[in-house]
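S.K.: structure of the sequence below:
(chains A and B)
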Amino acid sequence: MDIFSNLALGLSVAVTPWNILYCFMGVTLGTLIGILPGIGPIATMAMLLPATYAFEPTSALIMLAGIYYGAQYGGSTSAILLKLPGESSAVVATLDGYAMAQKGKAGLALALAAIGSFIAGTIGTLILAGFAPALAKLAVTFGAAEYFALMVLGLVAAIVLSSGPLLKSIGMLMLGLLFGLVGSDINSGVDRFTFGQPELSGGVNFVVVALGLFGISEILLNLEKREERRLVSSSLGGLWPSWRDLRQALPAMLRGSGLGAVLGILPGGGVTMSSFASYTLEKRISKHPEQFGHGAPQGLAGPESANNAAAQTSFVPLLTLGIPSNGVMAMMMSAMLIHNIQPGPQIITNSPDLFWGLIVSMWIGNLILVVLNLPLIGMWVKLLTIPYRLLFPAILLFCCIGLYSVQNSVFDVYLAIGFAVLGYVFIKLKCDPVPFLLAFILGPMLEENFRRAMLVARGDAGVFLTRPISATMLAVALALLCFAVIPQIRKSRKVAFQED
Amino acid sequence: MTKIMIACTAVTLSFAALLSSASAQDWRPSRAVDLIVPSGAGGGHDNNARILASVMEKYAGQPINVINQPAGAGVVAYNEMRNAEPDGQTVGQVSVSIVSDQFRIEGVDYNKDSYAYIGQISADQNVLVVTADGPYGDMDITQFLAAAKDAADPIAFGVSGNWTNHDYTRYQIEQAADVSFLRVPIKGGAQIVLSMLSGDVQVGALYPSEIKSQVDAGALKPLAHNGTEPLAAWPDVPSFTSLGLPVNLAIWRALVLPKETPEDIRAGWESILEQTMNDPAVKEGYATAGIGYAYLNSTDTVALVDEAETAYRTISEEAGVTREAQ
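M.R.: You can find the predicted model right below:
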């Protein structure tokens, strides 16, 4: 079998002591920067890139890739424990993950996230090894019309995964779309809602909104409570998941991995979409959708697996087409070029040891992450036993450092304070900020792809329905919306304001 | 005796002259330097800065920190470079947008006279590419332009935003060949390549580094470029100028200091940059990252900037680019 000989070749490259060491360094560093909010993998990779000149090219790439998926991993730790999503893929972990931590199941939540990520990493590696060249074809069949339909699906998912009443969710969604409009319009170049501030013409950064709306407003809320507050009850809960927990979460992990692996290939926002899509799927098929948002293990395990699998397969466009689909992949491409490797369709035939070595190293990296992190869970959870009066200034400080470092600008710190106040108001009004944040992320892509599709179709809106992939996704979106709306309408007829 | 005296004096004098010229020439930063880059980490601007900084540290005698300030499409960074303390501890890396921004972005009040130029550090061409298996895949540039002229429906041309460098190049092609394209704004070169592969747009004008893997794989075909020298990767591809078409807006980058920087500090940086650009490590680094090597000293850079401003002013007026609607 071809795939096995390829994996064997990869294994022989990836398990040399030096490569294991570089992989270890990468994932450890990645975990650390993932835990710190705001400091992303791109900046870290950029700083380390010159240092990799002296490395073997394969070792350099193994380390840089490790930083990326290590950061995905660390990002969920702070999202679960402190409600600080440093990356858009970690937003979903603040829903049921944080709820689990609040109920004293922080250890279980972290363990499920770790195991889910590892399973996803394994599946992602197998998919990459088996189908990378074939999957690359999928990436280029997606034009603007298909991306538009995907984003519509994402927005419907945002409504479905929200816990609040339908009308409030839609309201928050619209508000999120509005904030996504801030900045210079790509088609006409006109500045929208910038109020003459050049800092705003590039739009509002995700980290600013996420840390303000989720992290800092949560601190405001916690400080409001007068008694000496600890984030968790005195019992930390079992650190290890029981068989029952695992059996319950395993199907969600497998579904999440599959979904994430497919979406991750799409260069226009697939990785971001993967965790939302998985959450929606889990809530949709669950027999107890009402538990979602209140600590449902599937609501954490599925999305965590999905975003890890997507992070893995997001290497496909770079490795097989030579097209970097996001900033991280652009850094990977720079690293390859520095070592005289031209990423693209020829890479598998020209440097098979590098290609397969990198893929297998991702699986080894995931193994290191799970081995490294399961024992550390006890330590992370202890973080929550620190008295809150000592913990919150530290969280605030790290938030501010993270916010400043995104664009090296103090403006972003002030802006985040504004979003924190907004988030506080949302909580007081019992409005779920999740649809807001999702719409904020997806809105600009939705608009850009809609306008491009219309432009390319010379103004014919029929293009969304005549292209099969786009038509299918829009139909699924419509069906999901109906499923979400009909029970809510029935409920609201029976009891007005039944929720909350 | 007198001979010895004269010799001694001469030696002393020349030594003194050497010393004084050395002290005038040899201003060097006294602590770590900030190099401000008007874009995020990753991507061409940032790559360029990091390659340069790693070599320049040797000649500056101090570490050089690359500071990414992508806010406001570079406007924030350009303002910061202008308002920095003129003590030589803050250097800015600018692109040609430093002269074109004033014509297209509201609220921009910097222009070519707001900075002191240390020197040019790189230049890149835009290469006109079409998809190889698309309708124009087996045409040369003349046939393509003829087809574009005859097309009942304008051909879709991917540009990375309104009146960015891609877009000015598109405009120049339209004017020179008397054709018109459907301009489709798409964020960034990588996304334009994807849109070409998915069939949304048929043509683009991109940097060699952005298209190399797809050209090598036979998916994209380069037709012509807007440089003056042949392309390193594809020497057979003609330039527009060689075909008699004035499509020639070079895209360059340069290092700058705040306008008020004293003469000795400027001279110090000019010599640091000269030594850096003559170091083979820069050429090597550029070649692997696909960045076009081009170096001009301070005086020649000022001339380059003047020329660019005139060109962009003329085109902007001609094309009706306004600050309100960019």
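S.K.: what's the one helix or strand residue B:190 maps to packed up against?
M.R.: Element membership of residue B:190 [criterion: DSSP states H and E] is helix B:189-197. Applying 3 or more C-beta pairs under 8 Å, 6 or more residues apart in numbering or on different chains; DSSP states H and E, we find helix B:189-197 packed against helix A:106-141, strand B:127-131, strand B:156-159, strand B:203-206, helix B:208-216. Every C-beta, even on glycine, is put in place using the N, C-alpha and C of the backbone.
S.K.: what's the most buried one of these?
M.R.: Ranked by mean neighbour count, the helices and strands packed on helix B:189-197 are led by strand B:203-206 with a mean of 27 (mean count of other C-beta atoms under 10 Å in any protein chain shown).
S.K.: who does that one pair up with?
M.R.: As defined by DSSP bridges, the strand partners of strand B:203-206 come to strand B:127-131 (antiparallel), strand B:156-159 (parallel).
S.K.: that older thread, quick check: buried residues in the helix holding residue B:190?
M.R.: Neighbour counts over helix B:189-197 (16 or more other C-beta atoms under 10 Å in any protein chain shown) mark B:189-197 as buried.
S.K.: what's the offset of that helix from the middle of its chain?
M.R.: Counting by C-alpha atoms, centre = their mean, to the nearest Å, helix B:189-197 is centred 21 Å from the centre of its parent chain.
S.K.: near chain A, which residues of the stretch 101-250 of chain B?
M.R.: Residues of the stretch 101-250 of chain B found near chain A (C-beta under 8 Å from any C-beta of the partner chain) are B:104-108, B:153, B:156, B:161-163, B:182, B:184-187, B:190-191, B:193-195, B:197-201, B:209, B:212-214, B:216-217, B:219.
S.K.: what sits against the residue of the stretch 151-300 of chain B found nearest chain A?
M.R.: As assessed by C-beta to the nearest C-beta, chain A sits closest to residue B:213 within the stretch 151-300 of chain B, at 2.8 Å. Residues touching residue B:213, when contacts are defined by C-beta atoms under 8 Å, 6 or more residues apart in numbering or on different chains, comprise A:321-323, A:342-346.
S.K.: hmm, residue B:199 is touching residue A:142, no?
M.R.: No - counting by C-beta atoms under 8 Å, residue B:199 stays clear of residue A:142, with 10.6 Å between them.
S.K.: what's the burial count for residue B:310?
M.R.: Residue B:310: 12 surrounding residues under other C-beta atoms under 10 Å in any protein chain shown.
S.K.: pretty sure it is in a strand, no?
M.R.: No - applying DSSP: H, G, I helix; E, B strand; the rest coil, one finds residue B:310 to be helix, outside a strand.
S.K.: who's in contact with residue A:251?
M.R.: Contacts here follow C-beta under 8 Å, 6+ apart; on that basis residue A:251 touches residue A:298.
S.K.: what about it, helix or strand, and which?
M.R.: Per DSSP H and E: residue A:251 is located in helix A:243-264.
S.K.: next, the buried residues of that helix.
M.R.: Residues of helix A:243-264 classed as buried: A:245-246, A:248-250, A:252-264 (neighbour count, 16+ other C-beta under 10 Å).
S.K.: again, but for stretch B:226-241
M.R.: B:226-227, B:231, B:234, B:237-241.
S.K.: before we move on, what about stretch A:457-464?
M.R.: Those would be A:457, A:463-464, for stretch A:457-464 by 16+ other C-beta under 10 Å.
S.K.: so which of these sit within helices?
M.R.: Under the assignment DSSP state H, those contribute A:463-464 to helices.
S.K.: identify the residue nearest residue A:461 in space, chain neighbours excluded?
M.R.: Once flanking residues are discounted, residue A:461 sits nearest to residue A:454: 6.8 Å by C-beta to C-beta, 6 or more residues apart in numbering or on different chains.
S.K.: settle it for me: which of residue B:199 and residue A:142 has more neighbours?
M.R.: Between residue B:199 and residue A:142, residue A:142 has the larger neighbour count (other C-beta under 10 Å), namely 24 against 15.
S.K.: chain neighbours aside, what residue packs nearest to that one?
M.R.: Using C-beta to C-beta, 6+ apart and skipping residues adjacent in sequence, the residue nearest residue A:142 is residue A:266, 5.6 Å away.
S.K.: who touches that neighbour in this structure?
M.R.: Residue A:266 sits next to A:138-139, A:142, A:147, A:150, A:273, A:325 when contact means C-beta under 8 Å, 6+ apart.
S.K.: could those be laid out in a markdown table, adding pLDDT?
M.R.: Below are those laid out as a markdown table (pLDDT from 0 to 100):
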| residue | pLDDT |
| --- | --- |
| A:138 | 76 |
| A:139 | 75 |
| A:142 | 84 |
| A:147 | 88 |
| A:150 | 87 |
| A:273 | 83 |
| A:325 | 72 |
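S.K.: returning to what we had before: looking at the buried residues of stretch B:226-241, which two lie furthest apart in space?
M.R.: B:234 and B:241 (16.2 Å; C-beta to C-beta).
S.K.: list the contacts of the most centrally placed residue in chain A.
M.R.: For chain A, residue A:89 is the residue whose C-alpha lies nearest the centre (C-alpha atoms, centre = their mean; 1.0 Å). Neighbouring residues of residue A:89 by C-beta under 8 Å, 6+ apart: A:72, A:75, A:271-272, A:274-275, A:307, A:310-311.
S.K.: which ones among the residues you listed are found in helices?
M.R.: Residues of the contacts of residue A:89 located in helices (DSSP H): A:72, A:75, A:271-272, A:274-275, A:307, A:310-311.
S.K.: now the spatially closest residue to residue B:209 that is not a sequence neighbour: how far from residue A:463?
M.R.: The spatially closest residue to residue B:209, leaving aside those adjacent along the chain, is residue B:290, at 2.8 Å (C-beta to C-beta, 6+ apart). Noted for residue B:290: a distance of 35 Å to residue A:463, by C-beta to C-beta, to the nearest Å.
S.K.: and stretch A:374-382, what's buried?
M.R.: By 16+ other C-beta under 10 Å, the buried positions in stretch A:374-382 come out as A:374, A:377, A:380-381.
S.K.: and of these, the nearest to chain B?
M.R.: Within the buried residues of stretch A:374-382, distances to chain B taken as C-beta to the nearest C-beta reach their minimum at residue A:380, with 27.9 Å.
S.K.: now do the same for that closest one: helix, strand or coil?
M.R.: Assignment for residue A:380 (three-state DSSP): helix.
S.K.: surely it meets residue A:77?
M.R.: Yes - with contact defined as C-beta under 8 Å, residue A:380 reaches residue A:77; the gap is 6.0 Å.
S.K.: what's the overlap in contacts for these two?
M.R.: In terms of C-beta under 8 Å, 6+ apart, residue A:380 and residue A:77 are both contacted by the residues residue A:110.
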